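Enquirer: Test case, fold it:
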Amino acid sequence: MPKSYYADNVALNAFLRNTSFTPPVQTWVAIFTVAPTPAGGGTEVAGNGYGRQMATFTVPSNGSCASTADITFPIDVVADWGTIVAFGLFDASSGGNLLYFANLSSPRYVAVNDQVKFPAGQLVASET
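Expert: Residues are numbered from 1 along each chain as shown. This is a model prediction of the structure:
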């Protein structure tokens with residue numbers, strides 16, 4: 001799974017320059033209608049009841065870890081969110097730093113009264 005340049009730089013500083021790093025207390029999942037890149041960007045869903053959702057992950061094994069519980073976004077009851085194409089992991093519930101990101105295997109249109117849910121184990125962060 002791709003990391004952001006922010007996460008790349010944190011890892012390089014920690015491993016190669018002995019620079020301390022305080023990891024985030026929580027990790028948040030965002031969904032995008034335009035995918036981010038390592039530099040960030042993309043178009044995160046906004047408004048209409050949307051908010052990032054907190055996620056927890058398993059202990060890493062062989063370079064990857066998976067979400068431990070369902071990640072459920074609120075039901076959209078106001079207006080369509082559009083077609084979501086990617087997700088990102090952040091260190092804050094809004095703003096903050098993009099850590100990891102990936103495209104969805106299948107883009108999905110989110111209409112009024114629809115709900116986005118990632119079942120436990122479906123989001124996998126990995127080092128490649």
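
Enquirer: going forward, measure contacts and count neighbours with C-alpha atoms only.
Expert: OK.

Enquirer: Considering this protein, which strand comprises the largest number of residues?
Expert: Ranked by residue count under DSSP state E, the longest strand found in the chain is strand 98-110.

Enquirer: Setting aside sequence neighbours, what's the nearest residue to residue 92?
Expert: residue 28 (6.2 Å; C-alpha to C-alpha, 6 or more residues apart in numbering).

Enquirer: ok, now residue 86?
Expert: Leaving aside its sequence neighbours, residue 86 sits nearest to residue 103 (C-alpha to C-alpha, 6+ apart; 4.0 Å).

Enquirer: ok, that neighbour - contacts?
Expert: By C-alpha atoms under 8 Å, 6 or more residues apart in numbering, the contact list for residue 103 reads 35, 85, 86, 87.

Enquirer: Please list the members of those that lie in strands.
Expert: 85, 86, 87.

Enquirer: Excluding chain neighbours, give the residue nearest to residue 31 in space.
Expert: The shortest distance from residue 31 to any non-neighbouring residue, by C-alpha to C-alpha, 6+ apart, is to residue 87 (4.3 Å).
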